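Visitor: Predicted model follows, preceded by the sequence.
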Number of protein chains: 2
Amino acid sequence: MSVGDAYSASGVDYNALDEFKRFAQSQASSTAPALHAFGMNEVGGCRGESAYLIELPDRYLAFVEEGLGTKNLVADAMEALMGKTYYDAIAQDTIAAIVNDLITSGAQPFVIAMHCAAGSSEWMNNRARWTALVNGWKAACDAAGATWGPGETPALNGMVEASTVVLSGSAIGQIAPKTNRIAGNVKEGDEIILVESSGIHANGLTLARTLIERQPEGYLTRLPDGRSMGEALLRPGHLYSTLLGTILNNGIVPHYCVHITGHGWRKLMRLDPPLTYHIDSLPPVLPEFVALQKWGNLSDEEMYGTFNMGVGFALYVAAEQAEETIAIAKQVGFSAWRSGRIQTSPTKQVVIEPKNIVYTGATLKVR
Amino acid sequence: MSVGDAYSASGVDYNALDEFKRFAQSQASSTAPALHAFGMNEVGGCRGESAYLIELPDRYLAFVEEGLGTKNLVADAMEALMGKTYYDAIAQDTIAAIVNDLITSGAQPFVIAMHCAAGSSEWMNNRARWTALVNGWKAACDAAGATWGPGETPALNGMVEASTVVLSGSAIGQIAPKTNRIAGNVKEGDEIILVESSGIHANGLTLARTLIERQPEGYLTRLPDGRSMGEALLRPGHLYSTLLGTILNNGIVPHYCVHITGHGWRKLMRLDPPLTYHIDSLPPVLPEFVALQKWGNLSDEEMYGTFNMGVGFALYVAAEQAEETIAIAKQVGFSAWRSGRIQTSPTKQVVIEPKNIVYTGATLKVR
């Protein structure tokens, strides 16, 4: 089974979406000159990256629009089973999706907006749930060091399933001093440092839910570590903003960063140049991914090409800064591993040597 | 029938949503000090206004997160009937919802983000539709004077109806010079200038769709002007950014502005102070609203309290600047009317004298 097939079988055709995205990116790109009237400029090459970047005389602004995807359907299912809400975790997951994209540019978020589109105003009748969502959103903004700015809460009857909400948002960040910009200047010999995830991210949930719902005990199926699958999926996502901020404050500007989301480890080759991202040792795989692989009878190639597998963020740094980067990660509470290095090559690829996996550039059509 | 009842009957309970919003606003408000670490400050009083404002030494930034609501369900229904897409108009409507909120602060938008959440990746199989959406989005960004920055296009299977998309986005604007900020300093004697809308806005669609679908010919029901109701609803919304930009460039800083959306003309009293917004003459009502009122057997109070009725934007200006403001509106292509004035009063209210309507402050719990 090739990468993408399992996902298509679960109902999401990334190829169709990717074609739309490429056309949108090209049309959007043509609008960049509008910034000149404001004394601003688009930062070349930022389209297709995780954050849109605007240059001002004294700083860069970074702008991200992101969503949680369908992960809160897991919270909805678990609330029905366990009688308690998980929307505090879901709030943090949404902010993690936004903020962890933003910081790949070297920006720190200063304001975050919430968009909570309910399928029905009846969703608001469950006070414990929406209180948890609001409190979790505030706590995650505090943890990210940003203010919670605007918000929008429509009721979209007939458009969104009445029992749930679509969660998304946007954020603005600042890169200052401008030398803190993470610009993609990777070179041969740079080390690849992988940083732990807390579990599944906002991507891959449609496939995961399909696999879990086939199990006799569904979300209550126990993992070897004693947690239910539902609990494992609902462990809130890590926010890496403090990690990046601390790295930059210590004078290390990573050459590139990747937030591992859609397309899994294929995202490691998000940059354009023909380089090999060579992984020679693998961090431990989290038990929820082991279970999903078994239940779906999925290949390693499929798994690493879709899920984060326990790695939430990747940093590409000069070899001489690898050790200090790892030490900073530990200092802010994350496990991190020297896992490989950048090599020149005729074409772009990710090589996961311990698993004999090679993802070619063609498997990541959208950057 | 009191204001809100007709809407509740169509399935949206604004009271439940408003309670959520008030709690969210209060929690969000407590996060403002996070801006200090960036050398920024929240602009006092901006929470509850249409745009969130941040003060920098040399400018203000304005930030808006907004959505289209369910209006594109009309485009979906009309495409099934007419065999052509209306998503170019829908794109402009989404941007109008975002930008017309942003500019009430005196900001001009410099970057706009798109969020298009599909119910299924199959939505992308209709190339004419998504091409129109992308082209319309680009054209509206051009018209608003902003660049199209980031975007997000998830497929939300099992969460959004498979046949449609949820459209939303965000924008950042700039107020410079800082004296261009529209600060809400209204005072007795200020004139209320109403500016034409192109038709229905992004709000009120759930009710409108309910009423239209009861008609034997539904969206194809003819209005007296010959258009079908569907066509009338899908006339793209005006963008008022050029209007506001031209007014400011002519040295007029309105004391306050209102984008007429949810809660209809009740929004005229969005400001906190106890003032009377006294309307003494009414602009012409657009035929689609006349038809909706008839079909729903709705009172004037219900109609003006829910829909824009043909007025998309309101400007409160010093009496001596009213004439020039009207002239500028005409110059950029909009009809505008001197329609009333601000009066001091013991409590907040909107008085629509020609219709004998009084909306008290209690009918607008969310600002």
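Guide: Sure, I can see it.
Visitor: Isn't residue A:347 up against residue A:360?
Guide: Yes: counting by Cβ atoms under 8 Å, a contact exists between residue A:347 and residue A:360, whose distance comes to 6.7 Å. In this view, the C-beta of every residue, glycine as well, is placed from N, C-alpha and C.
Visitor: now the helices for the stretch 1-150 of chain A?
Guide: Taking DSSP state H, counting those that start in this stretch to define them, one finds helices in the stretch 1-150 of chain A at A:5-9, A:14-29, A:72-82, A:87-102, A:127-144.
Visitor: Deepest-packed of those helices, please.
Guide: helix A:87-102 (a mean of 28; mean count of other Cβ atoms under 10 Å in any protein chain shown).
Visitor: tell me the contacts of residue A:188?
Guide: For residue A:188, the contacting residues are A:275, A:342, A:343, A:344, taking Cβ atoms under 8 Å, 6 or more residues apart in numbering or on different chains as the criterion.
Visitor: ok, now with 6 Å
Guide: Neighbouring residues of residue A:188 by Cβ atoms under 6 Å, 6 or more residues apart in numbering or on different chains: A:342, A:343, A:344.
Visitor: quick one: least confident helix or strand in chain A?
Guide: Here the helix or strand of chain A ranked lowest by mean pLDDT, DSSP states H and E is helix A:5-9, holding a mean of 58.
Visitor: related to what we said a few turns ago, possible to save the helices of the stretch 1-150 of chain A as CSV with distance to residue A:260?
Guide: As requested, these are exported to CSV (distance: least, Cβ to Cβ, whole Å):
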stretch, distance to residue A:260
helix A:5-9, 16
helix A:14-29, 16
helix A:72-82, 19
helix A:87-102, 9
helix A:127-144, 18
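Visitor: where's residue A:338, which helix or strand?
Guide: Per DSSP states H and E, residue A:338 falls inside strand A:336-344.
Visitor: List the buried residues for that strand?
Guide: Residues A:336, A:337, A:338, A:339, A:340, A:341, A:342 are the ones in strand A:336-344 that count as buried (16 or more other Cβ atoms under 10 Å in any protein chain shown).
Visitor: how close does residue A:194 get to chain B?
Guide: Separation of residue A:194 from chain B (Cβ to the nearest Cβ, to the nearest Å): 25 Å.
Visitor: chain center to the helix or strand harbouring that residue, what's the gap?
Guide: Element membership for residue A:194 (DSSP H and E) is strand A:191-196. Between the mean C-alpha location of strand A:191-196 and the chain-wide mean there is a distance of 15 Å, by Cα atoms, centre = their mean, to the nearest Å.
Visitor: what's that strand in contact with?
Guide: Residues from elsewhere that reach strand A:191-196 (Cβ under 6 Å, 6+ apart): A:283, A:311-317, A:319, A:322, A:325, A:329, A:334-341.
Visitor: next one: stretch A:118-132
Guide: Outside stretch A:118-132, the residues that touch it by Cβ under 6 Å, 6+ apart are A:85, A:87-88, A:155, A:157, A:160-162, A:164-165, B:12-13, B:16-17, B:20.
Visitor: tell me which of those residues is nearest to residue A:256?
Guide: For these, the minimum distance to residue A:256 (Cβ to Cβ) is 32.4 Å, reached by residue A:88.
Visitor: ok, now which ones touch that closest one?
Guide: A:132, A:136.
Visitor: what do you get for residue A:287?
Guide: Residue A:287 makes contact with A:223, A:224, A:225 under the criterion Cβ under 6 Å, 6+ apart.
Visitor: from these, which ones fall inside helices?
Guide: The members of the contacts of residue A:287 all map outside helices under DSSP state H.
Visitor: of those, closest to chain B?
Guide: Taking Cβ to the nearest Cβ as the measure, chain B lies nearest residue A:223 of those, at 23.6 Å.
Visitor: picking that back up, and the strand holding residue A:194, which strands flank it?
Guide: strand A:311-317 (antiparallel), strand A:336-344 (antiparallel) (DSSP bridges).
Visitor: just so I have it, where are all the strands in the stretch 101-250 of chain A?
Guide: A:108-118, A:147-152, A:165-175, A:191-196 (DSSP state E, counting those that start in this stretch).
Visitor: Figure out which of those strands is closest to residue B:184.
Guide: Within the strands of the stretch 101-250 of chain A, the stretch nearest residue B:184 is strand A:147-152; the backing value is 16.8 Å (Cβ to Cβ).
Visitor: name the helices or strands packed onto that closest one?
Guide: strand A:108-118, strand B:60-67 (3 or more Cβ pairs under 6 Å, 6 or more residues apart in numbering or on different chains; DSSP states H and E).
Visitor: Could you pull up the mean pLDDT of that strand?
Guide: Throughout strand A:147-152, pLDDT has a mean value of 97.
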